[in-house]
Each structure stands twice: as structure tokens, then as C-alpha cells.
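Peer 1: What follows is a predicted structure for the sequence shown.
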Amino acid sequence: MQLTYSIALFMHWWNGLAQRNGKLKFKTQREAANFVRRVHNQNRGPNERLLAMRRRYDEVNRARNRSAARLSEGGSTAVL
Amino acid sequence: MPGTALPLDLAKVEVLPFSDRAVYNRFGCGKKPLDQFLKNRARKAVKRLEHRVFCAHLDSSPNVIGYYALQIGSDSVSELPNANKDNYLKNYVAFPAIHLSFLAVTEEYRRQGLGEYLLMDAFSKVAAISEHAGFFAVTLQSLDDDSTAFYRSLGFTEYSENLKQPKMLYPLEDILTLVNGHGGEKV
């Protein structure tokens, strides 16, 4: 009983410590590079959701540029 | 009025660097730390060059309807126990990355793609930075379960253990593929 309580107490302390420290899944820059490479290989490039987000972003920017170009043309005509 | 959704035309949104002329005190995304940073800390953080903050404005209005902040970060990693301290080339102790410190959209304009637009804008800036400095990934610390699920659905991966607000990363090479259509140079 006492042992179970001690273990629970230790685990509580240990988990609290881990929470605060925020241990990382790598210890050196080399390991970090390998970790990122693994993620990159698993992802196999940007997923469909990200690609769709990027397409929308590019479309919005193209629409904005078209609209800016029209305004600028209108301005030139007015000056002429 | 917080909570009332307003229609948003993303083509009318401008993303501009943090400026003293903008109005920040009406911003409210419903997440206290994100509101507090913009209203109380962003000005000082920008002045001290700790963060670069970019704000979304609608129709040239000074009101901020969304923002994100970037910082060049380096999560400390413990040294390799057997590292040769005299070998300058092998004493790698840091994890170089661009940290997306904050990203938020005011409540009136949520769920209309502004957050995703801001994330893509941040990725464009990250790709530009990568032409001048080396790093592995974009990192962030997720605020809550919803944001963790969102970033996970995009391919972000947790690289911390046992954190309620996990640290997550997305590889630079995938960002370059997304932005430029191809990854980093293969050596």
C-alpha cells in the first residue's frame, strides 16, 4: 500500500517535471535533422489540405493583383 | 460585435507589418494569450526585434482582423555526452527553426479562410528567409486540443513529449515544395 502510494507520488512528480521541461524527441542537432527528414519522408510532400490552402491563397492574390491593375489603368485614363 | 460573423472577401485583405497606426484594442479571437500578446506585448516585442508581427486589415481599415508573429528560434537540445568539445564542426547543440509564435483571427471573421490565408502568407515569408539562412523547419507550440488537431491535419508533427501544449514542426523542404513547387537543393 505504502509502496503503491510512493510510486504514484513519484510518477506525479516525474510527470510534472516532464511537463515543465517539455522534453524533445531528439537530443542533438543531428538527431533533429534526422527527425525532420523522417517527418518529410512520411509526409511525402504537402498534403491535399495544404495544397488546397495554397491554391486558394494564390487565387486570392491573383484576384487582388487583377483588381489593382484595373484601378491603376482607370487612374491613368483619368489623368490623360 | 464579438460573436457576430461578418462576410469576408479575402481579396480585400491586406497583410501589413505591425504599425503604430493600426488599431489593436478591438481585436478579440476568444483566446486570452493571443489577444493579450497583440494588445499588450506586440509593440514592445517588435521594437526589441524579438518578433516580426504581420497584421491583416480589411479595405485599408486600421482595425486588425488577424495576425501572426514569426521569430527565429533555436530549441536547445542537450549536448551529445561524448561530443568532442574541441571539434568546432561537431558541436551541434541547437535546433534551428523559424517559430510561428502566434496566429489568430478575430471572432467576427473566423471560419472564412483568413487563418489559412495567414498561414500561407507566413509560409511564403519562411521560404524567402530560407534563401538567406539555414534551418530545418517551422515550429510552433499549439495552444489547445483544437489547434493541435488542426495543425496535425496539415502534416505538422509533435516533437515534444508529455506537453499539454505540444511543440510541433513542419519540414522546410515541404514548405519550399508548397511555395516554389520544388523542395530545397539536393547536394
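Peer 2: The structure has been received and is ready for your questions.
Peer 1: For the longest helix that chain B contains, buried residues please.
Peer 2: Using DSSP state H to assign secondary structure, the helix with the most residues in chain B is helix B:114-129. For helix B:114-129, the neighbour count (16 or more other Cβ atoms under 10 Å in any protein chain shown) marks B:114-127 as buried. In this view, the C-beta of every residue, glycine as well, is placed from N, C-alpha and C.
Peer 1: In TSV: those residues, plus distance to residue A:54 and pLDDT.
Peer 2: Formatted as TSV, the buried residues of helix B:114-129 follow (distance: Cβ to Cβ, whole Å; pLDDT from 0 to 100):
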residue	distance to residue A:54	pLDDT
B:114	15	96
B:115	14	95
B:116	9	96
B:117	10	97
B:118	13	97
B:119	10	97
B:120	6	97
B:121	11	97
B:122	12	98
B:123	8	98
B:124	9	97
B:125	14	97
B:126	13	97
B:127	11	97
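Peer 1: Let me know the angle separating the lowest-mean-pLDDT helix or strand in chain B from helix B:114-129.
Peer 2: Sorting the helices and strands of chain B by mean pLDDT, DSSP states H and E puts strand B:64-76 at the bottom, at a mean of 90. Orientation check (axes from the mean of the first three to the mean of the last three Cα atoms, to 10 degrees): strand B:64-76 against helix B:114-129 gives 50 degrees.
Peer 1: Partner strands of strand B:64-76, with direction?
Peer 2: Counting by DSSP bridges, the strands paired with strand B:64-76 are strand B:52-58 (antiparallel), strand B:94-105 (antiparallel).
Peer 1: Pick out the shakiest of those, pLDDT-wise.
Peer 2: Among these, strand B:94-105 carries the lowest mean pLDDT, a mean of 93.
Peer 1: pLDDT score assigned to the most centrally placed residue in chain A?
Peer 2: Residue closest to the average C-alpha location in chain A (Cα atoms, centre = their mean): residue A:50, at 10.6 Å. On pLDDT, residue A:50 comes in at 96.
Peer 1: How about residue A:21?
Peer 2: 57.
Peer 1: go on, the one 4 residues further on?
Peer 2: For residue A:25, the model assigns a pLDDT of 88.
Peer 1: excluding its backbone neighbours, what's nearest it?
Peer 2: residue B:159 (5.0 Å; Cβ to Cβ, 6 or more residues apart in numbering or on different chains).
Peer 1: repeat for residue B:158
Peer 2: residue B:166 (4.4 Å).
Peer 1: Could you give the number of residues near that neighbour?
Peer 2: Burial of residue B:166 is recorded as 21 neighbouring residues (other Cβ atoms under 10 Å in any protein chain shown).
Peer 1: Who are the contact partners of it?
Peer 2: Residue B:166 makes contacts with B:141-142, B:148, B:158, B:160, as judged by Cβ atoms under 8 Å, 6 or more residues apart in numbering or on different chains.
Peer 1: buried sites along the least confident helix or strand of chain B?
Peer 2: For strand B:64-76, using 16+ other Cβ under 10 Å, the buried residues are B:64-71, B:73, B:75.
Peer 1: The residues you listed into CSV, with extra columns for distance to residue B:41?
Peer 2: Below are those laid out as CSV (distance: Cβ to Cβ, whole Å):
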residue, distance to residue B:41
B:64, 14
B:65, 19
B:66, 17
B:67, 12
B:68, 14
B:69, 10
B:70, 15
B:71, 13
B:73, 17
B:75, 21
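Peer 1: closest to residue A:60 among those?
Peer 2: residue B:66 (13.6 Å; Cβ to Cβ).
Peer 1: Which parts of chain B are strands?
Peer 2: Remark: strands assigned in chain B by DSSP state E are B:13-17, B:52-58, B:64-76, B:94-105, B:137-141, B:157-158, B:167-171.
Peer 1: Now the longest one - C-alpha only, CSV.
Peer 2: It stands for strand B:64-76. The C-alpha coordinates for strand B:64-76 follow below in CSV (Å, rounded to 0.1, in the frame of the first residue of the first chain):
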residue,chain,number,x,y,z
VAL,B,64,-6.6,44.4,-37.2
ILE,B,65,-8.7,41.3,-38.1
GLY,B,66,-6.0,38.7,-37.8
TYR,B,67,-2.3,38.5,-37.2
TYR,B,68,0.7,36.2,-37.0
ALA,B,69,4.2,36.6,-35.4
LEU,B,70,7.4,35.0,-36.5
GLN,B,71,10.6,34.5,-34.6
ILE,B,72,13.9,32.8,-35.5
GLY,B,73,14.1,30.1,-32.9
SER,B,74,16.5,27.5,-31.7
ASP,B,75,15.2,24.9,-29.3
SER,B,76,18.1,23.9,-27.1
